[in-house]
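> my questions are about this predicted structure, shown below with the sequence.
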Amino acid sequence: MQMDKGLFVTFEGIDGCGKTTQVTALRKSLEEKGTKVIIIREPGATLIGEKIRSILLDNANCGMSSETEVLLYEAARAQIVNEVIRPALREGKVVICDRFYDSSVAYQGYARGLSLESIDSLNRFATGGLEPDLTFLLDLPAEAAWARMNIREGCHDRLEIEGLGFMDKVRAGYLELAGKHARIITLDAMSPAAVLAEYIDRKFWEVFNT
C-alpha cells in the first residue's frame, strides 16, 4: 500500500520491556502491505548520533553529570530529526523510532531529577517542534525488566547498571507522561508478544486512517 503521507511512530519503555520485538513486528506487518518503513533508534541512526550513543552508554563514563547526559541526548536527537526523520516523513514514509524525547523526560527528568520544564524546552529546540503521531508505551514492572535483562548475553551499559530503584523512577515517569498525552498508548508488556503485536498493528491503522 503506497501512502501519500508520512507517520511518525515511537516506542517507549524501560530497558527489557520488549520494544525491539514489537518494532520488528510492526515493521514486518507494514512492509507486507507494501508500506515504506524506516526503523531508527535513539540515540543513533546517524554517524554523529552513533558516536554520541557510544559515549552515553560507555560504562567508563559513569562520572557523567545529568546535565551533560541530557545535552548529549538532545544533540543526537537534533541530528536524527534533521538528517533522517523529517526527510523520510516528507517522502511519505512511516518512521518507527525506538525511543524519542519521552525518554529524556522519563530518564533525565523523573529519574535523574532534572527540571521537567528545562527538558521540555530542550526537546522542542532539538526537534524543531516535531512530535510523534503515535507512541506505544510498553509498561513493565522494574523487577520483571531486570530479570529479562539479566538473561541477556553481554555486559549491561551505563544506564542499565543503575539498578531497580532507577528503573522504578523511569517507569513512574513514563506512566505520568501517558496520563498527559493522548498520543501515548500504554500496553501491558507482560502480555504475549503476538497479542501485543496484533493490537499495535490495529492501533497504527486507526491513527493513520483518521
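That came through, no problem.
> the lowest-mean-pLDDT helix or strand in the chain - contacts with which helices or strands?
Within the chain, no helix or strand scores below helix 142-150, which has a mean of 83 by mean pLDDT, DSSP states H and E. Packing partners of helix 142-150 (3 or more Cβ pairs under 8 Å, 6 or more residues apart in numbering; DSSP states H and E): helix 164-178. No exception for glycine: its C-beta is placed from N, CA and C like everyone else's.
> tell me which residues in the helix it packs on are buried?
Neighbour-count burial for helix 164-178 flags 166, 167, 168, 169, 170, 171, 173, 174, 177, 178 (criterion: 16 or more other Cβ atoms under 10 Å).
> closest one of those to residue 147?
Lowest distance from residue 147 to the buried residues of helix 164-178 (Cβ to Cβ) belongs to residue 167, with 11.5 Å.
> now the helices for this protein?
Applying DSSP state H to the chain gives helices spanning 19-32, 47-57, 66-80, 86-90, 101-104, 116-127, 142-150, 164-178, 193-208.
> check which residues of the shortest one are buried.
Along helix 101-104, the positions that meet the burial threshold by neighbour count (16+ other Cβ under 10 Å) are 101, 102, 103, 104.
> could you do the fourth one as well?
Of the residues in helix 86-90, those scored as buried under the neighbour-count criterion (16+ other Cβ under 10 Å) are 86, 88, 89.
> now the second one
Residues of helix 47-57 classed as buried: 48, 49, 52, 53, 55, 56 (neighbour count, 16+ other Cβ under 10 Å).
> same question, stretch 189-199
Under 16+ other Cβ under 10 Å, the buried positions of stretch 189-199 are 189, 196, 197.
> quick one: residues contacting the last one.
So the one you mean is residue 197. By Cβ atoms under 8 Å, 6 or more residues apart in numbering, the residues touching residue 197 are 21, 22, 25, 26, 29.
> hmm, the first one is touching residue 191, no?
No: counting by Cβ atoms under 8 Å, residue 21 does not reach residue 191; the two are 11.8 Å apart.
> as a markdown table, the helices of the chain with distance to residue 8 would be great.
Shown next, in a markdown table, are these (distance: least, Cβ to Cβ, whole Å):
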| stretch | distance to residue 8 |
| --- | --- |
| helix 19-32 | 13 |
| helix 47-57 | 17 |
| helix 66-80 | 12 |
| helix 86-90 | 6 |
| helix 101-104 | 12 |
| helix 116-127 | 10 |
| helix 142-150 | 26 |
| helix 164-178 | 17 |
| helix 193-208 | 11 |
